[in-house]
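[1] Got a predicted structure here, sequence first:
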Amino acid sequence: MSYAKSLRCSKCGREYPLEPINLCDFCFSPLEVTYDYRSMSEVVSREAISSGPVTMWRYLNLLPINDKVVDLGTGFTPLIKAENLGKEIGLDNLYIKNDCLNPTYSFKDRVVSVAISKAMEFGFDTVACASTGNLSASVAAHAAKTGLKAYVFVPANLEQGKMVSTAIYNPTLIAVDGTYDDVSRLCTQMVGRFKWGFININLRPYYAEGSKTLGYEVAEQLGWRAPDCAVAPAASGLLFTRIWKGLNELAMLGLIGPVNTHMYLTQAAGCSPIVNAFNAGSLHVHPVKPNTIARSIAIGNPSDGQYALRIARESGGGACAAFDEEIIEAMKLLSQTEGIFAETAGGVVIAGLKRLVDSGAIKRDELTVAFITGSGLKTQEAVAEVVSPITIQPTLSSFIENCADSVEGY
Amino acid sequence: MAKRGVMFTFPTEMIREPIIYNLGRRFDVVTNIRRADVSEDKGWVVLELEGKEEDIEQGIAWVVTKGVRVDPVIGDALEG
């Protein structure tokens, strides 16, 4: 049995049983899993965790799963010291959490692994989601592993790479001919109609908890401490809130010292409702119409926006937006300094990080972790312009003729 | 009868219009406000709509034509 106790409304605090529901009946705010930390603290220890599997499931006792876990080998991804990138942008202690290296190449495997495990516990025979590619691939892959039926709704104009990396797992793939808003609205209407486990709707409180493992892992990989600064992308804002929750749970359980991490969230300037609210000093996140190349984080009406906003403020962190050109440049910079090909959301993080360092918000010596949440391989179109090879004939003379200038010592 | 949770975001020029009252009268939709913040120049209201599915649909379409932004209360269901 897990140590999960109830679902609690993040706004009014009302409690609900651990069921497939995501909203408070009274104030319509999101529900969050609460735990019995006293009992949990009796079984978790650094040693017990470190001797667990080399996946996110080494933190099983901190997650809301009672039964069998559905695992593709997700998590415990590398935390690498980014010396080259750090030198470029002016940081002495920069680390990259590389979550491209998950089974379906994004951090979504963490959340989906928990949500699908929970869907099995609740007895659903079908799961569903609406996605622009990363979530759909992860849901389809986990469903394939369990034998659950999967309905995956995507916008009809989705990039080919994302279509293929979802379709290969053979879900029922539905391309909706409409805008992103249309797809979103359609799925909202379906929740009441079908007895399905909607991964990011009625299973959302459990889904959310998967992201805590990013916080746990970073702390463990840093030798059981929280970083001074964390820089992460924000779409719905959920990931950002759960990195924070993860760090604070470890502190509460006595596994790390007090958390003084400054939390910085980054968004693309073409879809930055949370950054706008931060800059305006507002408590409410006003929805926007997205228009950015960073499609995987282009959420105009972020469901956890106000909670992410609060954490950015209360942790003494901040919020920062990056323009599309900066995002592309940052993707190249990350690739060409650290060998990590991230998707546009990763470009947003690095571009945002650069701005935060330039503005003096993040200091040179602060131990900073940048969260890279998805691989660039699925959306190669974004940076297709980098391909300009030197074309030669298959002869030595042709090589010398065309390339001699760049060969040292020739 | 269907129920739908929605958030209306009002631009400045719509603040003085009785949109929610008219929605209820014209489309036979019961409106039930759960949370709101309205000032003189902008505002948002989170509310539940209850009625026939097609009445809710038509009502929302009408609200949108008035220049009010309508979002699902759960936020965007479409994710990355």
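    Right, received. Where do you want to start?
[2] Spell out the secondary structure type for the residue of the stretch 201-350 of chain A found nearest chain B.
    For the stretch 201-350 of chain A and chain B, the shortest gap (C-beta to the nearest C-beta) falls at A:S303, measuring 2.5 Å. For the C-beta atoms, the positions are set from N, CA and C on the backbone; glycine is no exception. Secondary structure, DSSP: H, G, I helix; E, B strand; the rest coil: A:S303 is coil.
[3] ok, the residue lying closest to it once chain neighbours are set aside - how many residues close by?
    Among residues not flanking A:S303 along the chain, B:G75 sits closest, at 2.5 Å (C-beta to C-beta, 6 or more residues apart in numbering or on different chains). Using other C-beta atoms under 10 Å in any protein chain shown, the number of residues around B:G75 comes to 28.
[4] List the contacts of B:G75.
    Going by C-beta atoms under 8 Å, 6 or more residues apart in numbering or on different chains, B:G75 touches A:S236, A:I299, A:N301, A:P302, A:S303, A:D304, A:G305.
[5] That one: which element?
    B:G75 belongs to no helix or strand when assigned by DSSP states H and E.
[6] Relative to A:G305, how far out is it?
    Here the distance between B:G75 and A:G305 works out to 7 Å (C-beta to C-beta, to the nearest Å).
[7] Overlap of the contact sets of these two?
    A:S236.
[8] remind me which residues of the stretch 201-350 of chain A are low pLDDT?
    For the stretch 201-350 of chain A, applying pLDDT under 70 flags no range at all.
[9] pretty sure A:C24 is touching A:G13, no?
    No - in this structure, A:C24 is not within contact of A:G13 by C-beta atoms under 8 Å, at 9.1 Å.
[10] neighbour count winner among those two?
    Legend: neighbour count by other C-beta under 10 Å for A:C24 and A:G13, higher for A:C24 (21 against 10).
[11] give the contact list for the more buried one.
    A:C9, A:K11, A:C12, A:R14, A:Y16, A:P30, A:L31.
[12] Check those residues one by one and keep those near chain B.
    Near chain B, judged by C-beta under 8 Å from any C-beta of the partner chain, the entries from those are A:K11, A:P30.
[13] buried subset of the contacts of A:C24?
    A:C9, A:K11, A:Y16, A:P30, A:L31 (16 or more other C-beta atoms under 10 Å in any protein chain shown).
[14] now the first one: how far from chain B?
    Computed as C-beta to the nearest C-beta, to the nearest Å, the A:C9 to chain B distance reads 12 Å.
[15] Look up which residues are beta-bridged to that residue.
    Residues in a beta bridge with A:C9, per DSSP bridges, are A:L31.
[16] measure it to A:P258 for me?
    From A:C9 to A:P258 the distance is 27 Å (C-beta to C-beta).
[17] So which bits of stretch A:187-196 are buried?
    A:C187, A:T188, A:Q189, A:M190, A:V191, A:W196.
[18] meant to ask about stretch B:51-70
    Going by neighbour count (16+ other C-beta under 10 Å), the buried part of stretch B:51-70 is B:G51, B:D55, B:I56, B:E57, B:Q58, B:G59, B:I60, B:V63, B:V68, B:R69, B:V70.
[19] touching chain A at all, that stretch?
    Yes - under the criterion of C-beta under 8 Å from any C-beta, chain A is reached by stretch B:51-70 at B:R69.
[20] Point out the residues in the stretch 301-410 of chain A that sit beside chain B.
    By the rule C-beta under 8 Å from any C-beta, the part of the stretch 301-410 of chain A lying against chain B is A:N301, A:P302, A:S303, A:D304, A:G305, A:A345, A:G374.
[21] I'd like those residues as CSV, with distance to A:G73 appended.
    Formatted as CSV, these follow (distance: C-beta to C-beta, whole Å):
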residue, distance to A:G73
A:N301, 34
A:P302, 30
A:S303, 29
A:D304, 27
A:G305, 32
A:A345, 22
A:G374, 17
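[22] Check chain B for the residue nearest chain A and tell me.
    B:G75 (2.5 Å).
[23] Now do the helices in chain B.
    Using DSSP state H, the helices of chain B run over B:19-27, B:53-65.
[24] any idea how far the longest one is from the chain center?
    What it means is helix B:53-65. With C-alpha atoms, centre = their mean, to the nearest Å as the basis, the distance from the averaged C-alpha position of helix B:53-65 to the chain average is 9 Å.
[25] What of stretch B:34-47?
    Centroid separation for stretch B:34-47 versus its chain: 11 Å, with C-alpha atoms, centre = their mean.
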